[in-house]
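> give me a model of this one.
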Amino acid sequence: QVQLVESGGGLVQAGGSLKLTCAASGGAFSTESMGWFRQSPGKQEEFVAAITWNGRRADYGDSVKGRFTISRDNGRNELYLQMNSLKPEDTAAYFCAVVYTQDMSSWTYGHRGQGTQVTVSS
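Sure thing, here's the model as predicted:
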């Protein structure tokens, strides 16, 4: 089973940028669709972004469209999330996961990492 470890979180001012990395090991990363979700205290988990196994198609949650970009490097077994124009409401624990969809209109996740905290100050 693939092991997922996120990194790159931290504290950033509103308007700033961060890049998250998800390092995968022990499984067939290159054949899986992958994604990012986030969780804030008192809120439901929120879909952030997903990318197909070959990187050809990506999908984004409405709240991050135009600001975040998901990408992957199958040769390095890594998944990325470039976050620009960050807002205080982006503050959350972000985790990467193996994701599933039937039609790319909604996503669920299976195995996931522990997460990395992103805090955006106003």
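> what segments of the protein are strands?
Using DSSP state E, the strands of the chain run over residues 3-7, 10-13, 18-25, 34-39, 46-51, 58-60, 68-73, 78-83, 92-100, 108-112, 116-121.
> what's the most buried one of those strands?
Across the strands of the chain, the average number of neighbours (mean count of other Cβ atoms under 10 Å) peaks for strand 34-39, which reaches a mean of 24. C-beta: built from backbone N, CA, C; applies to glycine.
> name the residue closest to the centre of this structure, please.
When the chain is reduced to its mean C-alpha position, the nearest residue by Cα atoms, centre = their mean turns out to be residue 36, at 2.4 Å.
> list the contacts for the residue nearest to that one when sequence neighbours are not counted?
Nearest-residue entry for residue 36: residue 48, 4.2 Å, with adjacent residues in sequence omitted and distances by Cβ to Cβ, 6 or more residues apart in numbering. Contact criterion Cβ atoms under 8 Å, 6 or more residues apart in numbering gives 35, 36, 37, 38, 60, 61, 64, 68, 70, 81, 94 as the residues in contact with residue 48.
> most remote residue from the protein's center?
Relative to the centre of the chain, and counting by Cα atoms, centre = their mean, the farthest-placed residue is residue 122 at 22.3 Å.
> how close does the nearest residue to that residue once chain neighbours are set aside sit to residue 109?
Sequence neighbours aside, residue 88 is the residue nearest to residue 122 in space, at 4.8 Å (criterion: Cβ to Cβ, 6+ apart). For residue 88, the distance to residue 109 (Cβ to Cβ, to the nearest Å) stands at 25 Å.
> looking at the protein, which helix or strand is least sure?
When the helices and strands of the chain are compared on mean pLDDT, DSSP states H and E, strand 108-112 comes out lowest with a mean of 94.
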